[in-house]
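> next come a sequence and a model predicted from it.
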Amino acid sequence: MNARTRQLTGWAALLASVLVCALGGWSYAQARGDHTLSYAEARDAALTDGRRHLARLTTMDGKDARSVRAGLTAWLGSSTGALHDRLESTRKQDTAALTESGTTARGKVTDAALTALDERAGTAALIATVDVEITDRGGRPGTERKRFEATLVRTGDGWKVKALDALPVGGGA
Amino acid sequence: MTPQETGGTTTTATGIEAGTEAGEPAEEQPVAGEPPPRGRSNLLRVLATVSALVLLATGGFLLSEGQRLRDTPATANRALTDTEATTRVIGDVSSALAKVFSYSPHDTAATEEAAKRLLAGEALRQYAALFGQVERQSADQKLTLTSQAVRAGVTRLSGDSAHLLVFLDQVYEREGRAATTAAAQLSVTARLRGGHWQIVEITSR
């Protein structure tokens, strides 16, 4: 290799490394600014949070007044907006009624999917199937299969349930 | 070419690189033919090499970081992010379920034909188990079943595979009796075959 070739090779290598760096920067900037990524992450977060909150909202330990109070506190923690307000306003009656009935329910989400997601507005619609194992005071356990539709809202503390409806048959499209 | 000439050209080469890399004015280049100051030319060569390596490393790092951001499990799942594909799979699967879970004693062939076309693999066997009873009753009691998807959501979607949750409303009609309505919830796995989504697995929830 003579000097001329060495010189050219040196230049070429330097130019190539500049190009690689520029390409890397461009590729990284593209990925960073990609709307799809943040949308996909919001979708996964909403689904995960929604499943967890739905399981909590279908669970209640009716053993005594203390466990009922703890259950209602969990319900309030999983809800926001209209549902939260309603649970808050009926908290006293709910505590009394649930303690008296003594029914224990354990909800398990068997499948769930988002049907809509508005990342900018921070709202999502979720459908889910829940197996609720219900035990009356001293009674035998029985499992109820339920289907729900929930409206989720993004809060400072993750996605929470704003509205929850057990979808009745013929609930309409 | 004499050794001296070679040395002179080499110096010029590193001189140019130095001008780019270290911002040195061209006037400082040694005149061709003069013996090069060895230490300086070596230093410049090292500087050029180091900067090339730094640029390469930075570029490589940024490329792999960008790829990492792009290739998260979140983005690999195209449910909802790809609106068009999501709508299509919901449409295909909803209409397939409506067809295979609708039955009339006068038109059993249509349901059978639809099942063969729209279901495959494990789903065909599961379908027989889920539906066999209804089929027998249908013949005996002149039962008509109409299913309609009322809600559907996609949990996972890739190029040719999808997982959905579908809520069905089913209306049973017996001749001479009032219709009854029942709910069914199905977790469905579908595969894209020949441009159409085919159901390969059904789980009743």
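That came in fine, so what should we check first?

> show me what contacts the nearest residue to A:D64 once chain neighbours are set aside?
Nearest residue to A:D64, sequence neighbours excluded (CB to CB, 6 or more residues apart in numbering or on different chains): A:T99, at 6.8 Å. For glycine as for every other residue, the C-beta is placed from the backbone atoms N, C-alpha and C. If you count contacts by CB atoms under 8 Å, 6 or more residues apart in numbering or on different chains, A:T99 has them with A:G62, A:D64, A:A65, A:V68.

> what's the spacing between A:T99 and A:D136?
Here the criterion is CB to CB, to the nearest Å. By it, A:T99 lies 14 Å from A:D136.

> intersection of neighbour lists for those two?
Common neighbours of A:T99 and A:D136, using CB under 8 Å, 6+ apart, do not exist here.

> B:G60: neighbouring residues, count only.
B:G60: 15 surrounding residues under other CB atoms under 10 Å in any protein chain shown.

> whoops, B:A128 was the one
The number of residues packed near B:A128 is 12, by other CB under 10 Å.

> give the buried residues for the strand or helix carrying it.
Assigned by DSSP states H and E, B:A128 belongs to helix B:122-141. Within helix B:122-141, the residues that qualify as buried are B:A123, B:L124, B:Q126, B:Y127, B:L130, B:F131, B:V134, B:E135, B:Q137, B:S138, counting by 16 or more other CB atoms under 10 Å in any protein chain shown.

> out of these, who's nearest B:L44?
B:A123 (70.0 Å; CB to CB).

> that closest one and chain A, how far apart?
16 Å (CB to the nearest CB, to the nearest Å).

> distance of A:G33 from A:A116?
As judged by CB to CB, A:G33 and A:A116 stand 24 Å apart.

> which of these two has more neighbours?
Neighbours per residue, other CB under 10 Å: of A:G33 and A:A116, the larger number sits with A:A116, 12 against 9.

> so how many other residues sit close to A:G10?
18.

> and the one 4 residues further on, by the same measure?
A:L14 is surrounded by 18 other residues when neighbours are defined as other CB under 10 Å.

> roughly how far apart are the residue nearest to it when sequence neighbours are not counted and B:A123?
Of all residues not flanking A:L14 in the chain, B:A52 sits nearest, at 5.1 Å (CB to CB, 6+ apart). Distance check for B:A52 against B:A123: by CB to CB, it reads 57 Å.

> same deal with A:L98?
A:L98 is 42 Å from B:A123, by CB to CB.

> reduced to three states, what does residue 148 come out as?
Chain wasn't specified; assuming chain A. strand (DSSP: H, G, I helix; E, B strand; the rest coil).

> quick one: list the elements packing against the helix or strand A:A16 falls within.
Per DSSP H and E: A:A16 is located in helix A:3-32. Judged by 3 or more CB pairs under 8 Å, 6 or more residues apart in numbering or on different chains; DSSP states H and E, helix A:3-32 is in contact with helix B:3-21, helix B:38-70.

> before I go, just wanted to say thanks for your time.
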